[in-house]
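Asks: structure for the following, please:
(chains A and B)
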Amino acid sequence: MTGNNKVKLIIGLVLTGIVFLMLLFGIFYTPYDPMAMDASVSKSISLKHIMGCDQFGRDVFSRVLVGVKETMIVAGAVVLIGVFFGTVVGTLTGYFGGWIDEILMRLNDAVLAFPSVLLALLVIGLYGGGRNTLILALGIAFIPSFARIIRSEVLKIKNLDYIQSVRLFGAGHLRIIVVHILPNLKTVMLSSILIGFNNAVLAEAGMSYLGMGVAPPNPSLGRMLSEAQAYIFTNPMTAVFPGITIVIMILGFSLLSAATEKG
Amino acid sequence: MKTIKKIMGLILMSATLTVAFCGCGSDKADSSSITIGIPQDLEDSLDPHVAVAAGTKEILFNIFEGLVKPDKNGDLNPAVADSYEISEDGLTYTFHLRKGVKFHDGSTVTADDVLFCIQKNADADSSSAYASAFSNIKEYRAEGENIIITLNQKDTDFLQYMTMAIIPKSNANPDTNPIGTGPYKYVSRSPQENIVLTRFDGYWGEKAHIKDVTLKICASADSIVMYLLGGSVDLFARVTTTQVDQLKDGNFDILEGTMNLVQAMYLNNAFEPFKDERVRQALCYAIDRQEILNISFAGKGTVIGSSMFPAFGKYYIDETKDVYKTDLEKAKALLKEAGYETGLSFSITVPSNYQPHIDTATVIVEQLKKIGVDAKIKLVEWDSWVADTYVGRNFEATVVGVDASQMTARAMLERFTSDSGKNFINYSNSEYDAKFAEAVATTDDAKATALYKDCEWILTNTAANVYIQDLAEFVAINKKYTGYEFYPIYVMDISKIRLK
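Replies: Numbers count the residues shown, from 1 in each chain, chains lettered A, B, ... in the order given. Predicted coordinates for the structure are as follows:
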């Protein structure tokens, strides 16, 4: 590992560490009920409310903590769907080729041709909003990019000498795929998962920002930003803190993925 | 080649600069002009008989007039007609044309023009706003300066439809070349940019104060504050409380009126738990409407208690708002009685493009938690709200505002009769139906008013919906101007605005 990568790794670990701390913290404890409203409370930053309060008088810090959890759940689930189906599609097409490859990859191209936000809007328009639909919608949109990466890796690996010799020894397709190919996809998968996670966080924030994601009053970082928009001049802190949290999250995962890429 | 490009660039640049400077025109010393921001272009049509968008109609109000014209109290005054009579049996309307009323093109309004307009609307397909009312016309004719209209059946609201704009028969292109009799005449329209009006000096009545009016289209809600503070817009109706906050230090008077709609959590009375009146009442007792106003609307707005808003002074009953004083114990007791002691859950459908309704629903969810009711917000797009919630009636509860298309009690109350096509909450109450039918059939205005009020009381007492408020409406107007008037219908009367 080069020195440059080491720095990236350390900073990345620190930033994601902060995010995971917030996540853990938010699961077990929030200073206030993140939904409790109080019209009389001062909106500005104080010792009691270290990130101030939003327009409903809800504690922003508590909401950011819960929002991180909400955003991570969505992003995590989206990546999980994307990676799982992406790997299945990618390995099948890459390993077997032929007509399976043609059909699945053309389907893949068709999905990829849609901008992912548009695709997600379509699914949400058909099945209604809410967290689960959002996960499904974004998950589908994330499959093609994973499938492509995995497929090209599998194509590369399957022609290597050791695969040929395993085949000569009489190993079946399933054994070759599971035992000999999949383990070699680890590095590629790790960095693409990290990048994918980033994209999922941004997509969740974007969709919630458009009012299509997590339903109010539940906080997610994107929804908080969206709600704060109208108050950006009068009560800017409600926008600043969720914004900063998203930046920390994205930067952390980006640095980690950059560090692991050629590690 | 390069020099040519450069010169072209310079010309282009100076052209844009000129345009930019023109944009600041409202700052100039010519006092008799005003730039009014409007949220959308008048895209549907400039023909007053065809236009449907509220935003278009509010502008056309200044260009066109009917035989009668509404004023700021909601009363109808003679306009193109200078007097009218209604026969004893309520079937014959006689309008006497005002002498010498001029169209913007200089021609005089004749009885022929009026007949042409009635004909045009009576013939229009059923989507026309006048079609159903005009299908009741038995015959119409002119006798000298009198227009005589006879109806098949009595219709106490018929006069409302005589606000129908009078346009000249000779105008071949009413769609793009609007000619009316109003205080302002149309000059030009640049799509997505502006509409220009100028004072009509041949107006029969009190002439407008401001000579030149530019209606600037401000499509993006975020840019409105910048336009106002930057001085390129002098007046914008319907700014939000947050925008008001940002305008505080600017050179603006903020006028507060009401939006004239009934914001409520409308309950689908066919949804199992809401079939029970006690459940609906429990929700009414649990929701603190003043708190909603305080939290989401900076305390602005008017708490209401039935399907009528304060601007309808004649029909509005202020006392209805005191029927359900927030009382959590009572709410819990009612739920227990109804068998929902262990809890109740339902979804609140809210159109995602209306932030005020989302904010209201957000507070409601919190308030209902206190009596163990678990409400979930379901955001939908406006189109699917219309299709699934309003037309399809497939919802449990929804927070929206309902307004009146005409200035009649009927427009507000007819939708709650059992068989009304607009009865999206599936409200069904035979006593209500009877009272409403009686009110419509009554010829005596005082009696009809009392019956309509009875209807409102029934809605309140049976907790048909959780009535919340008539939202506050804010108008930002440059301190140079004064005279803005609020109407009980969706119009902007530019002719009353004047310099201080």
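
Asks: contact residues of chain A facing chain B?
Replies: Neighbours of chain B within chain A, by CB under 8 Å from any CB of the partner chain: A:35-37, A:39, A:55-57, A:125, A:128-130, A:211-212, A:215-217, A:230-231, A:233-234. (Glycine included, C-beta is placed from N, CA and C.)

Asks: just the ones of those in helices?
Replies: A:G125 (DSSP state H).

Asks: endpoints of stretch A:207-219, how far apart?
Replies: With CA to CA, to the nearest Å applied, stretch A:207-219 spans 13 Å between its terminal residues.

Asks: residues making contact with it?
Replies: A:34-35, A:63-64, A:66-67, A:70, A:74, A:117, A:120-121, A:124, A:129-131, A:134, A:137-138, A:204, A:220-223, A:225-227, B:352-353, B:358, B:361-362, B:365-366, B:376-379 (CB atoms under 8 Å, 6 or more residues apart in numbering or on different chains).

Asks: can you flag the buried ones in those residues?
Replies: Applying 16 or more other CB atoms under 10 Å in any protein chain shown to the contacts of stretch A:207-219, the neighbour count classes A:34-35, A:63-64, A:66-67, A:70, A:74, A:117, A:120-121, A:124, A:129-131, A:134, A:137-138, A:204, A:220-223, A:225-227, B:352, B:358, B:361-362, B:365-366, B:376-379 as buried.

Asks: by mean pLDDT, which helix or strand of chain A comes out lowest?
Replies: Every helix and strand of chain A was ranked by mean pLDDT, DSSP states H and E. The lowest is helix A:116-127, at a mean of 79.

Asks: please identify the helix or strand for A:T93.
Replies: helix A:60-96 (DSSP states H and E).

Asks: returning to what we had before: and the least confident helix or strand of chain A, how far out from the chain middle?
Replies: Counting by CA atoms, centre = their mean, to the nearest Å, helix A:116-127 is centred 17 Å from the centre of its parent chain.

Asks: and the angle from it to helix A:60-96?
Replies: Angle, helix A:116-127 to helix A:60-96, by axes from the mean of the first three to the mean of the last three CA atoms, to 10 degrees: 100 degrees.

Asks: what pLDDT does B:I4 get?
Replies: In the predicted model, B:I4 carries a pLDDT score of 53.

Asks: how about B:D445, what does it touch?
Replies: B:T156.

Asks: now do the same for the closest residue to B:Y161 other than its chain neighbours: its pLDDT.
Replies: The shortest distance from B:Y161 to any non-neighbouring residue, by CB to CB, 6 or more residues apart in numbering or on different chains, is to B:A133 (4.5 Å). On the pLDDT scale, B:A133 is placed at 78.

Asks: burial count for the residue lying closest to B:F297 once chain neighbours are set aside?
Replies: Setting aside the residues directly before and after it, B:F297 is nearest to B:T241 in space (CB to CB, 6+ apart), at 5.9 Å. Residues within reach of B:T241, counting by other CB atoms under 10 Å in any protein chain shown, total 21.

Asks: do B:A270 as well
Replies: 13.

Asks: for A:P236, same thing?
Replies: 13.

Asks: kindly provide the distance from the residue nearest to B:Y161 to chain A.
Replies: According to CB to the nearest CB, to the nearest Å, B:A133 and chain A sit 37 Å apart.

Asks: correct me, but that residue touches B:F158?
Replies: Yes: at 6.6 Å, B:A133 counts as touching B:F158 under the criterion of CB atoms under 8 Å.

Asks: so which of the buried ones among the contacts of stretch A:207-219 belong to strands?
Replies: Counted as lying in strands by DSSP state E, out of the buried ones among the contacts of stretch A:207-219, are B:376-379.

Asks: what about chain A: which of those touch it?
Replies: B:376-379.

Asks: which residues are contacting stretch B:104-114?
Replies: B:63, B:67, B:80, B:95, B:97-98, B:100-103, B:142, B:144-147, B:166-171, B:179-181, B:185-186, B:200, B:202.

Asks: still on that earlier bit, B:Q119: which of the ones in strands among the buried ones among the contacts of stretch A:207-219 is nearest?
Replies: B:L379 (45.9 Å; CB to CB).

Asks: hmm, back to that, what helices and strands are in contact with the least confident helix or strand of chain A?
Replies: helix A:131-158, helix A:186-209 (3 or more CB pairs under 8 Å, 6 or more residues apart in numbering or on different chains; DSSP states H and E).

Asks: can I get the ones you listed in TSV including mean pLDDT?
Replies: As requested, those are exported to TSV (pLDDT from 0 to 100):
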stretch	mean pLDDT
helix A:131-158	88
helix A:186-209	85
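
Asks: A:G206 contacts A:L118, correct?
Replies: No: assessed by CB under 8 Å, A:G206 is found out of contact with A:L118, at 11.5 Å.

Asks: more crowded one of those two?
Replies: Each of A:G206 and A:L118 has its neighbours counted (other CB under 10 Å); A:G206 has more, 18 against 9.

Asks: remind me which residues of chain A are low pLDDT?
Replies: Low-confidence segments of chain A (pLDDT under 70): A:1, A:211, A:262-263.

Asks: strands along the stretch 101-250 of chain B, start to end?
Replies: B:137-143, B:146-151, B:184-190, B:194-199, B:212-217, B:235-239 (DSSP state E, counting those that start in this stretch).
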